[in-house]
Structure formats: structure tokens, C-alpha cells
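1. can you look at this prediction? I've put the sequence above it.
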Amino acid sequence: MRNLWTMLTATRGKTRLHWTDWVSYGYLIMGIFLMFGPVLWLVLSSFKTEAALERFPPTLLPYTQQTVAVEGYDDPLPLFKMTAGEYEGRTLAQLRRVGLQAQMIDPAKPDERLRVSINDREPLEEIYLATENYTSLFERFNFLRFFWNSTFITVTATALMLLVNSMAAFALSKYEFRGRTAVLLIVIGTLMIPQTVVLVPLFLVVTELGMFNSLWGVIIPGAATPTGVFLLRQYMITIPDEILDAARMDRASEWKIFWRIIVPLSAPAIAVLAILAIMWRWNDFLWPLIVLTRSENFTLQLALNSFQGELQTDWSSLLAMTVLTLLPIATVFMFLQKYIATGIASTGGK
Amino acid sequence: MARIQLKNVKKSYGPVDVIKGIDLDIQHGEFCVFVGPSGCGKSTLLRMISGLEGITDGDIIIGDDVVNDVPAAERELAMVFQSYALYPHMTVRQNLTFGLENINTPKAEIDKKVAEVAKMLQIDQLLNRRPKDLSGGQRQRVAIGRAVVREPRVFLFDEPLSNLDAELRVDMRGEIADLHQRLGNTMIYVTHDQVEAMTMADKIAVLRAGEVEQFGAPLDLYNYPCNKFVAGFIGSPKMNFLEGRIDDQNRNQLNLDTGEAITLPEGKFSQQASAAVTLGIRPAHLVLADQGIAVSVQGVEQLGGEAYVFGTLKNGQKITLHSPGQTAIARGDTLFVRAPLDNIHLFDSETTRSLLTRTE
């Protein structure tokens, strides 16, 4: 904690701030604002009521108008503070509004009806967290179903991808065979083909294989990625061949060498690839949108999309679900980010 | 029994012949050293015996089995690598047990064997550490332990000491020799250091450019090198070579290029009249004399217990003298040396083969 504080308040100037301190802190604060501003805005907005969301000018914090329950009226009445005119300083509840005039009452004396100009009053507001945005996700929509679909696709696809890619990378980095370079070049060459180009043929293949509208139709086409194969291969090349030879002398089968030697030693690179795969799969939109058309198969990203209609958008639900969608990936990233840094740094070769 | 026979073993990478037909017969229990300059194919030959490298032609026979097509894992050999090649992600204990687990040894037996080997190699304190926390010498012990624990038929060592510092190397040399005494297995040891070869081996195979130049006991190689290469490679410092020519009339007179003449003993060498020959004499065998071959001293290395004198002959050839104890000779002096006839070697200058007529 102390170290963190020392780091956060480090300056170049000893007694007063050097001009570089101003520049660097200014730059860093701007960075924080650019990075976290939209996220913070999103989180705060997800707690706003539909009315507060549509207000202009928008407020940063989620406000809602204070209300009061008055005897004789079914609904709670909104409260206003009078700023001018006859009743200046008093707090009144509104019965109804007619043009520029409003009928109001004093909650203490509900029988007396007062007519005031709407320019003479200001709404009384309080901070209010509209948690119903979140609870309605579970009540009105099948949030858990979407969440499960997304999780299943992400976990299975990542596991499958790591397995396939690391096995391919092992073969391409540690076995001498005719055409090895050609295979590698073909694998890397596929990087040059944009996904959109193969979208239609891929869709036809998936449909022919009967995986349309199935989660496996999303999982299997992405099981092998050229980036993953290349990344892991480059890392595995740095593992000395002598270690594999030693394992062979120790009577280990090639399969065992893969599991007991290659995989543990490539852990940093595999971790990097796992994070990239998780983020990619979790946020993937286009391919699931094409393959999954029935709402019970929707992933979170597709569900989010469905909130956005042609005529109307359910902003409060959309924002709340966006926050919930962000949380798992942010958590994963927070715990694994040190592997990204060390992994990427060490995959460049040592 | 683990006798190893190589019969006309060859290896080529494309058009390049790396091993050009090697015949060797290593008896059970022998400590055999492959020695040679770097690039001579000694490590490749070892890897071919281990099975990590295939052979192009010939036969490798271990015990009674031709193992040409048997994969490394099934040859029941163990190898110690130059870089130790310990599994970096496993503890010392796991390094030792990995091979035993692969052959499904019962847990109790594994524990017993590991404890035994760890004690023998004095690594029992290190069992829970990882290789990166060990010193070079300790890693070397673990690497040897990993080989020993599996009780293989044959041990193969691929320059195991070259990454250690000089002092540790001498210690480990002794320990490996001890290990051989204790276990009695056949061992093949590859090195480029002829001192290691001389001190440890029962048999030395001197390799050059993919061929065995000479195979025999260390002192045999030292005393009766079969050609100039072996003569120069075995022994430290290197043997001195003096170029000369046999006299046209007198077959027993050798006229050195520096002008001196030496009378060769009758019958010891099979020299032809007027042939170009090379006289070989080890630095330790040169004797100071009042007259003889003139040497102008270029430098002196005093080691306390002994001294080396480096000089040049009249024709510019370099020559080294060994003198026991400390010497008063200094740079710039001119000396005369004599080559005692018992200790001289004679080589054909063209074929480089020894002209000695062996009689024993």
C-alpha cells in the first residue's frame, strides 16, 4: 500500500513540481479519463431509470425525483421546491400539470389545491440506484441462459483451441519432416484472408455438417487459428531440443513429452493465447449472429443486440446487461494480465 | 552384458558424409572415450549409438541385438547431456523419477532408488529444489543421477564437464571415474579434452572428420600414436614436429630442415631413403645439451612445479620444452636440445602415418 502510494506520487522535482511532472501527470490523468470515462459512464447510466436516461442535459449520477405518498391519492406524488412566486421556499407535491401551469398541494395540507407556474419551481431530486434494471434481466429475460451459452462457448472453444494449436505448434517446431516449412507458410498465409471472405463458404460447411443453430457450430470453426499456431510455435522453438532428447532417453513417449515437457514449459505462451482466446470468444459477435438464430441459443452479445430494435431501444436493460457482460472478462483480464505482459515479452525469443 | 559393436557405421546429411564408416568394439564394462577436435563427429556418433540420431548405413549392436531401428527409448541406455538438459519445471526429485515413472516402476521402489542415488551423489538435500536454484556442479550431479537411477545397460556422456569451471571439472572427473568403478557398466564418454580422455578412459577412440584415427588404451595412444594427428592430439603440451628428409645414401640418417643430422636407430622405423619425414618428440622428452638443435627462446611459462619453454628453430618452426622444477632460462636465450632416440617418433610427411615398426 505504501509502495503504491510512493509510486503514485513520484515526482521528478524534489521540492516543487518539475515541468515534466505536470506533463506526465496531465498525460496520465487524461489517459485514465479516456480509458475509464466511458466505462464509468456506462456503469452509472446502467443504474438510471428510463426517465433519467432520456433527460437532457444528462447527469453523471443516477438521480430520480423525490416522491411523497399523500392520503387520498393512489400514486406517490413528485415533489418540487418552489423557487419564486407566492409559495417561495415551500416544498409542494404535484397533482397534475396543464401547459405552463401545475396543480400542486402541500403534503401537510392535502385538501388545499394550489396553482403555480412551472417556471417557479425546481424538482427535488435524490440519488437513486435503479437496481430493477438488473433484476428485470433475470425476470423478463432469460439472462442465465445467455450467460451459460456464452460461458460454454468461451470455455469449450478456448480449451479446444489451445489443444489443437499447441499440438500443431509442437509438430511444426520440434519435428523435422518434409514440407514443414510449406505447412507453416500455408498456416500463416491464411492470416491474409479476411474472415468476411470465408464467411459464406464457412456457413455452408457448418450447415452441411448439421451444426446450424448449435453451439458447436460456433465452437468448431475457430478451433485452430493461425495466430495461435504461430505464437506457440515461436515459443516452443526456444525450448532446447536436448530436453526432449533427455525425455526420450528417459523412455517417455512422444505423447508424454508433449504433456509433461512441452505444455508446462510453454505455459506463459499458452496463458497469453488463452486470454486472447477468451476475450475473442466472449466478445465474438458476427459469427454467432450468423449461426445462432433461435433465442435460446443466443450468447450475451446476441442478446444485447436484440435489445436494440429498429424503432425502439431498451436502453436500461441494454446498459445493465452490458455491465454484466463486461464483468467476467474484466475479472479474467485482471487476474491474468501479468501473464500477458510476461508472456508477450518472452515470446519474442530470448 | 552390454558390449557395443559398431560395424561400418555411416551417417550422411544429404551429400555430406559426417560419419564415414566406423568400426569399434567396446567390451562390457569398459570406459570408452571418444575424443577429437570439434566438428569431428564424436557427438553425432554418440547420438547415433543412443538412437536419437538415425544411421545411414552399417550396424550398431548392443549386447546381442542389432538396434539400428530400435528407438532411443527402447535401447535401455542413459545419456548425460552437455547442457545437463534437466527438466526446468520439475524439482530434482521429479527429474529423477520421471524416467522410472515412464517404465511404470512401483512407487515404493522409485522412492528407494531415488534415495539411494541421491545419497550416492550427495544431492539428497536438494531433492525439492528446481534446477534453476542449483549451481553448475549440482546440476551436473542431478543429470548424472537421472541417468544412474534408471540402471541402464550403458551410460553415454556428451561432454558433460565442459560447462563447469576448471576446479569442479577435476573433481567431477574423479567422481565419474568412481561411479564407473562402483557400477561397472559400459560407459561411453565424449570430450574434446584429451586430459579427460587420458585420465578416465580404459579405451580411447580418437576421431577426426568422421573417422576413427586410432582406438586403444590411453598409454598405447600416447606411446605409439599411429599417425601425426593422434601424436599431436594426445599429450599436453602438444608433441613437437620437426620436418626433415632421410639421407639419399644413408637410410639411417635424418637430415632436419634446420641443418642438424640425427642418426636413427637401426630397424625401429621403416623409412625409405630420401623420403620426406617428420620427427616427433614430446616436450618432456627433449634434453638440454651443449650442442644439438639450436632453439632461440621466445617465452617461458613458470608454473612453479614445472616450466615450459617456447622457442623457435633456425627455420622458424616452433618448439616447446618441458622442464621439471623451476628454470633459469629466460626469453632471448639460445639453447641446444637433443632428442633421445628412445623417445622419438617418425612420420611419413605425405601420408602422416607413423613409420614405427611395432614388434610387440
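-> Cool, got the structure.

2. dump the residue contacts of residue 114.
-> By default, I'm working from chain A. The contact partners of A:Leu114, by CB atoms under 8 Å, 6 or more residues apart in numbering or on different chains, come to A:Tyr87, A:Leu92, A:Gln103, A:Met104, A:Ile105, A:Asp106. Where you see a C-beta, it was placed from the backbone N, CA and C, and this is true even at glycine.

3. nope, chain B please
-> By CB under 8 Å, 6+ apart, the residues touching B:Val114 are B:Arg93, B:Leu96, B:Thr97, B:Leu100, B:Leu127, B:Val149.

4. between the contacts of A:Leu114, which sits nearest chain B?
-> Distance to chain B across these (CB to the nearest CB) is lowest for A:Leu92, with 74.3 Å.

5. that closest one should be in a strand, yeah?
-> Yes: assignment of A:Leu92 by DSSP: H, G, I helix; E, B strand; the rest coil places it within a strand.

6. from A:Leu77, how far out is it?
-> Relative to A:Leu77, A:Leu92 is positioned 9 Å away (CB to CB, to the nearest Å).

7. mutual contacts of those two, please.
-> The contact sets of A:Leu92 and A:Leu77 overlap at A:Ile105, A:Pro107 (CB under 8 Å, 6+ apart).

8. could you pull out the helices for the stretch 51-200 of chain B?
-> Ranges of helices within the stretch 51-200 of chain B are B:92-102, B:107-120, B:136-148, B:166-183, B:194-200, based on DSSP state H, counting those that start in this stretch.

9. do you know which of those helices lies nearest B:Gly36?
-> For those, the distance to B:Gly36 is smallest for helix B:194-200, at 9.3 Å, taking CB to CB.

10. pull the distance from that closest one to the chain's centre.
-> Put simply, helix B:194-200 sits 6 Å off its chain's centre (CA atoms, centre = their mean, to the nearest Å).

11. what's it in contact with?
-> With CB under 8 Å, 6+ apart, helix B:194-200 has contacts from B:31, B:33, B:35, B:161, B:169, B:173, B:176-177, B:180, B:189, B:191, B:204, B:218, B:222, B:233-236.

12. cutoff 6 Å now
-> B:Val33, B:Val35, B:Ala177, B:Thr191, B:Ile204, B:Pro218, B:Phe233, B:Ile234 (CB atoms under 6 Å, 6 or more residues apart in numbering or on different chains).

13. alpha carbons of the very next helix or strand once past it, as CSV, please.
-> Remark: after helix B:194-200, the chain's next helix or strand is strand B:203-208, criterion DSSP states H and E. Written as CSV, here are the backbone C-alpha positions of strand B:203-208 (Å, rounded to 0.1, in the frame of the first residue of the first chain):
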residue,chain,number,x,y,z
LYS,B,203,40.0,-47.2,-24.2
ILE,B,204,40.2,-44.0,-26.3
ALA,B,205,38.9,-43.6,-29.8
VAL,B,206,40.5,-40.6,-31.4
LEU,B,207,38.2,-39.2,-34.1
ARG,B,208,38.8,-36.9,-36.9
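
14. direction included, what does strand B:203-208 pair against?
-> Under the criterion DSSP bridges, strand B:203-208 sits next to strand B:31-35 (parallel), strand B:211-216 (antiparallel) in its sheet.

15. next, the buried residues of the longest one.
-> In this case it means strand B:211-216. Buried residues in strand B:211-216, counting neighbours by 16 or more other CB atoms under 10 Å in any protein chain shown, are found at B:Val212, B:Glu213, B:Gln214, B:Phe215, B:Gly216.

16. quick one: that strand to chain centroid distance?
-> Chain-centre distance of strand B:211-216: 11 Å, with CA atoms, centre = their mean.

17. contact partners of that strand?
-> Residues from elsewhere that reach strand B:211-216 (CB under 6 Å, 6+ apart): B:Lys20, B:Ile22, B:Ala205, B:Val206, B:Leu221, B:Cys226, B:Phe229, B:Val230.

18. against chain A, how distant is the first one?
-> In this structure, B:Lys20 and chain A are separated by 23 Å, where distance is defined by CB to the nearest CB, to the nearest Å.

19. right, and that residue touches B:Gly210 too?
-> Yes: using CB atoms under 6 Å, B:Lys20 is in contact with B:Gly210, at 4.3 Å.

20. between the two, which has more neighbouring residues?
-> Neighbour totals were compared for B:Lys20 and B:Gly210, and B:Gly210 leads with 22 against 15 (other CB atoms under 10 Å in any protein chain shown).

21. I'd guessed the more buried one sits against B:Val16; true?
-> No: B:Gly210 is not in contact with B:Val16 according to CB under 6 Å; the separation is 9.6 Å.

22. most widely separated two among the contacts of B:Val114?
-> Farthest pair in those (CB to CB) is B:Leu100 and B:Leu127. Separation: 14.2 Å.

23. quick check: residues of chain A near chain B?
-> Residues of chain A lying near chain B by CB under 6 Å from any CB of the partner chain: A:Glu242, A:Ile243, A:Asp245, A:Ala246, A:Arg248, A:Met249, A:Asp250, A:Arg251, A:Ala252, A:Pro264, A:Leu265.

24. just the buried ones from those residues?
-> Neighbour counting with 16+ other CB under 10 Å marks A:Glu242, A:Ile243, A:Asp245, A:Ala246, A:Arg248, A:Met249, A:Asp250, A:Arg251, A:Ala252, A:Leu265 as buried within those.
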